[in-house]
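Enquirer: predicted model and sequence below, questions to follow.
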Amino acid sequence: MDENSPEQQFNKMMELKNKIDPNIPGLQNQGPSMDEQRILNQVQAGPPPAPIAASQGNCPQCGLIHPPLPPGEKCPNAPVKIEGVEEIDVTQFVVKVKDILVSQLEQKGIKDFKKFSAGMIVELMKYCEGYKE
């Protein structure tokens, strides 16, 4: 055991304390000194607790750890699967759009986000309906 460990320091202090004559006035019924208490607390604390495991585990739809979804609800983080098309990760697109929106809201000083977002949705729908490959 390391001689500088909290346990060893505490034991050394207790040995010294026991060597002092207990008949000296003022030494009876005295609790541990501040140093002794600090070391004692370290010894009693022991190792840190192990990390807590998630009780629900990973989401079967997206693979992430989050609170359980209500039965029948689709996970918003799950990749989009369309028949005949490779798996689409909508999350990356949404994050990019979010960054653009935040930047434009700040630059233009937009205060009414509901009005702004309603117009954005209309324009997005027009673009989607008119898109051709």
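Expert: That came through, no problem.

Enquirer: which secondary structure element of the protein has the lowest mean pLDDT?
Expert: Least confident helix or strand of the chain, by mean pLDDT, DSSP states H and E, is helix 34-45 with a mean of 71.

Enquirer: buried set for that helix?
Expert: 39-40 (16 or more other Cβ atoms under 10 Å). (Each C-beta comes from the backbone N, C-alpha and C, glycine too.)

Enquirer: and for stretch 114-130?
Expert: So, applying 16+ other Cβ under 10 Å, stretch 114-130 has no buried residues.

Enquirer: please work out the average pLDDT along it.
Expert: For stretch 114-130, the mean pLDDT works out to 92.

Enquirer: please begin residue numbering at 88 from this point
Expert: Taking 88 as the first residue, the last one we looked at is stretch 201-217.

Enquirer: could you export that stretch as PDB, CA atoms only?
Expert: Extracted C-alpha coordinates of stretch 201-217, given in PDB (Å, rounded to 0.1, in the frame of the first residue of the first chain):
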ATOM      1  CA  LYS A 201     -44.400  31.700 -37.100                       C
ATOM      2  CA  LYS A 202     -45.000  33.900 -40.100                       C
ATOM      3  CA  PHE A 203     -41.500  33.300 -41.400                       C
ATOM      4  CA  SER A 204     -41.700  29.500 -41.000                       C
ATOM      5  CA  ALA A 205     -45.100  29.400 -42.700                       C
ATOM      6  CA  GLY A 206     -43.700  31.100 -45.700                       C
ATOM      7  CA  MET A 207     -40.700  28.800 -45.800                       C
ATOM      8  CA  ILE A 208     -42.900  25.700 -45.700                       C
ATOM      9  CA  VAL A 209     -45.000  27.100 -48.600                       C
ATOM     10  CA  GLU A 210     -41.900  27.800 -50.600                       C
ATOM     11  CA  LEU A 211     -40.400  24.400 -49.800                       C
ATOM     12  CA  MET A 212     -43.600  22.600 -50.900                       C
ATOM     13  CA  LYS A 213     -43.600  24.600 -54.200                       C
ATOM     14  CA  TYR A 214     -40.000  23.600 -54.800                       C
ATOM     15  CA  CYS A 215     -40.700  19.900 -54.000                       C
ATOM     16  CA  GLU A 216     -43.800  19.800 -56.200                       C
ATOM     17  CA  GLY A 217     -41.900  21.400 -59.100                       C
END
